[in-house]
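*Asks:* turn this into a structure:
(one chain, ligands or ions: 1)
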Amino acid sequence: MEYILDKPLHGTIGTEKYQCTIEWRNGKFISDEPVKAGGKELGPDPNTLLLSSIASCTLITLRMYIDRKGWIIPEIAVNANSYLETIEGKKRCTIDQDVLFKSPVTDEQKIRLQEIAAQCPISKILENGIKVRTFVFRDTDTKVIHYSNEEISVVWRPEFCQHSTRCWTQLPEVFDPKIKKWINPDGAPAERIDQQIRKCPSGALSFINKKNPGS
Ligand code: SF4
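*Replies:* Numbers count the residues shown, from 1 in each chain. You can find the predicted model right below:
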């Protein structure tokens, strides 16, 4: 089993209604609820984020296909929305997408592009059904081990480790599961260790720069 993302998405919420900070591998953004639901509309709400996922995947899939074919279709637009209905006591979501090609497209191309759009990876994931597994921890439930030198701390939460082997195969100078004190913070420059920790797919590893703790 291998996770799709190299680094897990990380989200936090405080008491400010309903501002969530979502960290992804190259930055952060805010998710919020609309004003009518008690939020401040500071960022996209969860339904919008779900629709953004399928809309962007559809556009990217079409762009890849069109470029491979060498067709001249410079701009593609999509409108996406969803509705919920209750069928036999279960809530069911339908997502509708309208794809608009703003340049001339033949009838044959249009039919083929509709087929390609329907095959985008996120559509397939959603249509095949998703199992959501949520594990709940209190901070005190998880063991936290620090491996430190004067400059940095490598923090390891063993319960989160998915044994992907990525850390110790890619940076054996620092990570060696054969020995008890398996992380050596002196084994490589701090920057290289930080870079490797960012590739941990489970979030088991994190990095603290003691001179600049927020970095
Ligand atoms: S700590 Fe992270 S990178 Fe290392 S084996 Fe565990 S999951 Fe993989």
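*Asks:* switch to C-alpha atoms for all contacts and neighbour counts from now on
*Replies:* Noted.
*Asks:* which parts of this structure sit against the ligand?
*Replies:* Within reach of the ligand by C-alpha under 6 Å from any ligand atom, the chain has these residues: C161, Q162, H163, S164, T165, R166, C167, C200, P201, S202, A204, L205.
*Asks:* sec struct for the third one, please.
*Replies:* Meaning H163. Under the three-state scheme (DSSP: H, G, I helix; E, B strand; the rest coil), H163 adopts coil.
*Asks:* what about it, how many neighbours?
*Replies:* Using other C-alpha atoms under 10 Å, H163 is surrounded by 13 other residues.
*Asks:* please name the nearest non-neighbouring residue to K211.
*Replies:* Counting by C-alpha to C-alpha, 6 or more residues apart in numbering, K211 lies nearest to E151, which is 6.6 Å off, once chain neighbours are set aside.
*Asks:* next, the contact list for the one you found, please.
*Replies:* Residues near E151 by C-alpha atoms under 8 Å, 6 or more residues apart in numbering: A190, N209, K210, K211.
*Asks:* show the subsequent helix or strand relative to the top helix by length along the chain.
*Replies:* If you go by DSSP state H, the chain has its longest helix at helix 46-69. Downstream of helix 46-69, the first helix or strand assigned by DSSP states H and E is strand 76-87.
*Asks:* pretty sure I73 contacts L100?
*Replies:* No - using C-alpha atoms under 8 Å, I73 is not in contact with L100, being 10.8 Å away.
*Asks:* neighbour-wise, which of these two wins?
*Replies:* Taking other C-alpha under 10 Å, I73 and L100 do not tie; I73 has more neighbours (14 against 11).
*Asks:* contacts only, for the more buried one.
*Replies:* Applying C-alpha under 8 Å, 6+ apart, the residues near I73 are I66, F101, K102, S103, P104, V105.
*Asks:* how close does it get to C167?
*Replies:* 43 Å (C-alpha to C-alpha, to the nearest Å).
*Asks:* which other helices and strands does the longest helix of the chain contact?
*Replies:* The helices and strands touching helix 46-69, judged by 3 or more C-alpha pairs under 8 Å, 6 or more residues apart in numbering; DSSP states H and E, are strand 76-87, helix 107-118, helix 121-127.
*Asks:* let's see that with 6 Å instead.
*Replies:* Helices and strands in packing contact with helix 46-69 are not found; criterion 3 or more C-alpha pairs under 6 Å, 6 or more residues apart in numbering; DSSP states H and E.
*Asks:* in stretch 120-127, which residues are buried?
*Replies:* C120, I122, S123 (16 or more other C-alpha atoms under 10 Å).
*Asks:* no no, stretch 58-68
*Replies:* T58, L59, T61, L62, R63, I66.
*Asks:* which residues are contacting that stretch?
*Replies:* A117, C120 (C-alpha atoms under 6 Å, 6 or more residues apart in numbering).
*Asks:* and with 7 Å instead?
*Replies:* By C-alpha atoms under 7 Å, 6 or more residues apart in numbering, the surrounding residues in contact with stretch 58-68 are L113, I116, A117, C120.
*Asks:* using a markdown table, lay out these together with distance to P34 and pLDDT.
*Replies:* As requested, the contacts of stretch 58-68 are exported to a markdown table (distance: C-alpha to C-alpha, whole Å; pLDDT from 0 to 100):
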| residue | distance to P34 | pLDDT |
| --- | --- | --- |
| L113 | 34 | 97 |
| I116 | 33 | 97 |
| A117 | 30 | 96 |
| C120 | 29 | 96 |
